[in-house]
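**Student:** Based on what follows, work out the 3D shape:
(3 chains)
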Amino acid sequence: LSRNSYKLSEIADLVGGELKGNGDTIIRGVGGIKEAREGDITYLADPRYASFLASTRASAVIVPPDARCTIPSVRLQNPHLGFLKVMEAFGLDIQPRPAPGVDERAVVDASARIGDNASIGPYCGVGRNVVIGQGSAVMHGSYIGDDTVIGDECLIYPNVTIRERTRIGSRVIIHPGAVIGADGFGFAREGKVHRKIPQVGCVVIEDDVEIGANTTVDRATFGETRICSGVKIDNLVQIAHNVVVGKNSVFAAQSGIAGSTVLGENVTLAGQAGLVGHLEIGDRVVVAAQAGVSNSIKPDTVVSGYPAREHSLARRIYACMKQLPDLFRRVKALEKKVEEGERK
Amino acid sequence: LSRNSYKLSEIADLVGGELKGNGDTIIRGVGGIKEAREGDITYLADPRYASFLASTRASAVIVPPDARCTIPSVRLQNPHLGFLKVMEAFGLDIQPRPAPGVDERAVVDASARIGDNASIGPYCGVGRNVVIGQGSAVMHGSYIGDDTVIGDECLIYPNVTIRERTRIGSRVIIHPGAVIGADGFGFAREGKVHRKIPQVGCVVIEDDVEIGANTTVDRATFGETRICSGVKIDNLVQIAHNVVVGKNSVFAAQSGIAGSTVLGENVTLAGQAGLVGHLEIGDRVVVAAQAGVSNSIKPDTVVSGYPAREHSLARRIYACMKQLPDLFRRVKALEKKVEEGERK
Amino acid sequence: LSRNSYKLSEIADLVGGELKGNGDTIIRGVGGIKEAREGDITYLADPRYASFLASTRASAVIVPPDARCTIPSVRLQNPHLGFLKVMEAFGLDIQPRPAPGVDERAVVDASARIGDNASIGPYCGVGRNVVIGQGSAVMHGSYIGDDTVIGDECLIYPNVTIRERTRIGSRVIIHPGAVIGADGFGFAREGKVHRKIPQVGCVVIEDDVEIGANTTVDRATFGETRICSGVKIDNLVQIAHNVVVGKNSVFAAQSGIAGSTVLGENVTLAGQAGLVGHLEIGDRVVVAAQAGVSNSIKPDTVVSGYPAREHSLARRIYACMKQLPDLFRRVKALEKKVEEGERK
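**Tutor:** Here you go, the predicted structure:
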């Protein structure tokens, strides 16, 4: 149950952190380090923002153990997580909660099964044999194709399209405009013409996945495209047919994965990163922003650049690039000297 | 007419391939090399998957003439195309076929002409003077602006937006969330301010084109943005105003083409490739993934990298890049030696 | 008030340009340099198109002061702007003007306030306490979440999603499929699991902004994501949470900005450019196509390449890259000579 105010000492207990400063400080809300007002608690996770500690109007701050600050603080290893717990203690969870029930302006096939407390908004379409679990909401104008199954407590935002035979777990969030289960991009060439390969597979999305606005996840040619549990995908991301994304992976906006590539658990793709098809990407791999991956990657590797290479090598290469004009001058000078030396 | 089972010898005849092994093997279905079950036929087109031939549960396989395999096989030059023919023989074509008729929950202007057996789904909008051909389907929530013409046997998936005066041929597939005919991005600068240039042109999409989910094709400033027949475009692709895409070109996901660039026939853009505006791209050009094209390209050229260069040159350049840190060491060593030589 | 024809001398006066050739030439319309017909006026802004002047069928042309051409012309510094004024004189402004009124097939909460002459199209959703200003149009199937405020004379195209508490100014255009106010992409890591950070902020879009088809602008974690007045954003662009975009900036298609980056006024991002989070980008910065920006940039700087560097340096680096294979040969030759020199 959420309350309206906490003593800072209570917050320290709540998050399992060390109190420094006046534990009786009354905390009435939360805020970002720039936006916080008096009475708020804020946090500092990114050291680049340390300079804002001097100017924040917050009454207290959650910081790493060794951070310097003069206002009352709670110290713990993971300030971000501690701050999330404080947000929850204040009841901050502003996902929309549409009223339960099927809106009379939705078209729901008679064979569909809608769970208790589920909500189907106006102008939605729900096809044959669709199952929608308890407490799930399908918002304005979204379309759920035949034989699709959606678990409990999911939130499908407006104008989402989910095609037939998709299987979605529980507590999945799909942001507006996302398209799940469109045909994979497969053609057989016959002379100059490309003939469409039917895409008879489906998409499976496990529990606790989040899929960003206008992101696309294509159905498999055969079998499944699978997004494993806990995966978080940002906006405008492309997941091609037969891709498998391992548990708890995180993909930033505009990244893309071509067909049949298989990714391990806790893989991170930064923004606009791209992976060609048919690769194997190990657990905990990190792909830097805009990197272009054309080879499989072993677990626990960080890669960057185009073509993507192990990050420490890539950094050295890109540092060298900056000095290339100078290197050309040096080589020219050497050639001159050596030529002169030869002439003597 | 499709059947439920075929002898392998019949399949060999059907696809025009050479039978190897027991022609009486009964084939009851098709499957990907990983997903196939006993009784299925599969195929091997990509040599990277050859290792799966040993473990596949399929009862037969379509392979290139020289492939090694122990299970019964059909051999031909284009296994992909042969496999497609087998899929068709089994009746595998799972495009949705919405029931013909105009749903009472669609809003269709009285002046629109809807062809025989066409389907207009719930919550669609069909504007003034729109023509929709025989057997075409416009699915849930899609919007067709005034004076747009759509040919026969097209499939417009849910939540697509097609603006006014678009002309679309026959057998065109437009996947969910795509936007056809939004304004081109054109402004005249007046001091610091950008003033909008009206985009009075339109979009023309010829026969047999496929347009991916959440892809955008902008209307021309004047004249047309044109997608010629047989072009296949993947998800999240941007086609700017006044672009012309030649016949049978294929664009992978997240690629983008800036304004007024004209592409020849059978051009291939791999994922995330980008082309600046006002270029001419020759027939059969291939642009590799993430390549950045800033100059026109002659026919039959493969380009890659940033800035995009002829592929064999780009490969050499990127191979050199890997050795740059070493090159800097070598030059430093040379400088030292030459300096020592001079001192002597 | 627009007319059907003008003398060229009138057009010269209208745009404040210098007449060259027959001022009595009658102009009946406008057209692009390739598309124009007899009686049209066209323009030449891009010198790459100068060769089309010889073949255009236009009866007159707006050109820069020093351009060579044989047909009657009007000369001024900014032909693009002059041409826009002529388009306006001919009444060319083809934005859709949906009929005023709330369609009976829209769902509008009783608490919403809809301005005079505003238009709410079929299958739209308008939430609690929404305010929509005079003359604004919300087209087919778009969704406006609770407590959102939209100013006057805005145009919200079909299938747009605008989530709750968004604040939008006047004369804003939002193209089809755009998503405004989806959750920012923020998670706190707890072991292997990513826990969602509630995104309690909002999006503010000031006057005269244009947002492209299928573009996404995320709501702030706290505070605001802000798009200042006059900003023009193309299709498929990603604007992450807490980004601030300064006045009159222009972003081409598929560019993306990660969280909390702050951009000055009149910043230009070319296509597919990417900026990491937490940067400061100065006024009038230009980021070239596909550039990858990982550091803050001072005002009036042009950057390009990956990682993005000042453009003149980047150009030299990329020119060097082309000669890298040759440089390796030269260094090898030097090594051989020096070694031979040492042996002597």
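**Student:** so what's A:G341 up against?
**Tutor:** Contact analysis of A:G341 by CB atoms under 8 Å, 6 or more residues apart in numbering or on different chains lists B:338, B:341-342, C:341. For every residue, glycine as well, the C-beta is placed using N, CA and C.
**Student:** Let me know the closest of the residues you listed to chain A.
**Tutor:** Chain A lies nearest to B:V338 out of the contacts of A:G341, by CB to the nearest CB, at 5.3 Å.
**Student:** That closest one and C:V338 touch, don't they?
**Tutor:** Yes: counting by CB atoms under 8 Å, B:V338 touches C:V338, with 6.2 Å between them.
**Student:** Quick one: distance of the top helix by length along chain A to the chain centre.
**Tutor:** In chain A, taking DSSP state H as the definition, the longest helix is helix A:324-343. Centre-to-centre, helix A:324-343 and its host chain are 51 Å apart (CA atoms, centre = their mean, to the nearest Å).
**Student:** Let's see it as PDB, backbone CA atoms only.
**Tutor:** Output in PDB follows, covering the C-alpha atoms of helix A:324-343 (Å, rounded to 0.1, in the frame of the first residue of the first chain):
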ATOM      1  CA  LEU A 324      45.300   8.800 -40.600                       C
ATOM      2  CA  PRO A 325      45.900  12.100 -42.300                       C
ATOM      3  CA  ASP A 326      49.000  12.500 -40.000                       C
ATOM      4  CA  LEU A 327      50.100   9.000 -40.800                       C
ATOM      5  CA  PHE A 328      50.000   9.700 -44.500                       C
ATOM      6  CA  ARG A 329      52.200  12.700 -44.000                       C
ATOM      7  CA  ARG A 330      54.600  10.700 -41.900                       C
ATOM      8  CA  VAL A 331      54.900   7.900 -44.500                       C
ATOM      9  CA  LYS A 332      55.500  10.500 -47.200                       C
ATOM     10  CA  ALA A 333      58.200  12.100 -45.100                       C
ATOM     11  CA  LEU A 334      59.800   8.700 -44.600                       C
ATOM     12  CA  GLU A 335      59.700   7.900 -48.300                       C
ATOM     13  CA  LYS A 336      61.500  11.200 -49.000                       C
ATOM     14  CA  LYS A 337      64.100  10.500 -46.400                       C
ATOM     15  CA  VAL A 338      64.700   6.900 -47.600                       C
ATOM     16  CA  GLU A 339      64.900   8.100 -51.200                       C
ATOM     17  CA  GLU A 340      67.400  10.700 -50.200                       C
ATOM     18  CA  GLY A 341      69.400   8.100 -48.200                       C
ATOM     19  CA  GLU A 342      69.500   5.900 -51.200                       C
ATOM     20  CA  ARG A 343      70.700   8.600 -53.500                       C
END
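**Student:** phi, psi of the closest residue to A:Y6 other than its chain neighbours?
**Tutor:** In space, and not counting its chain neighbours, A:Y6 is closest to A:I27: 5.0 Å by CB to CB, 6 or more residues apart in numbering or on different chains. Here is the backbone geometry of A:I27 (degrees, to the nearest 10): phi -110, psi 120.
**Student:** if I look at A:I27, how far off is chain B?
**Tutor:** Using CB to the nearest CB, to the nearest Å, A:I27 is found at 43 Å from chain B.
**Student:** Up against chain C, what does the stretch 51-200 of chain A have?
**Tutor:** Taking CB under 8 Å from any CB of the partner chain as the contact definition, the stretch 51-200 of chain A meets chain C at A:78, A:80-81, A:83-84, A:87, A:92-96, A:103, A:105, A:121-123, A:139-141, A:157-159, A:173, A:175-177.
**Student:** got it, and the stretch 201-344 of chain A?
**Tutor:** For the stretch 201-344 of chain A, the contact set with chain C under CB under 8 Å from any CB comprises A:210, A:212-214, A:230, A:232, A:234-236, A:247-248, A:250, A:252-254, A:265-266, A:270-272, A:289-290, A:305-306, A:318, A:321-322, A:324-325, A:327-328, A:331, A:334-335, A:338, A:341-342.
**Student:** For the stretch 1-150 of chain A, what lies in contact range of chain B?
**Tutor:** So the stretch 1-150 of chain A meets chain B at A:107, A:123, A:125, A:141, A:143, A:145 (CB under 8 Å from any CB).
**Student:** what about the closest residue to the last one other than its chain neighbours, how many residues close to it?
**Tutor:** Okay, so that is A:G145. Distances taken as CB to CB, 6+ apart place A:E164 nearest to A:G145, at 3.6 Å, with adjacent residues excluded. The burial count assigned to A:E164 is 18, neighbours taken as other CB atoms under 10 Å in any protein chain shown.
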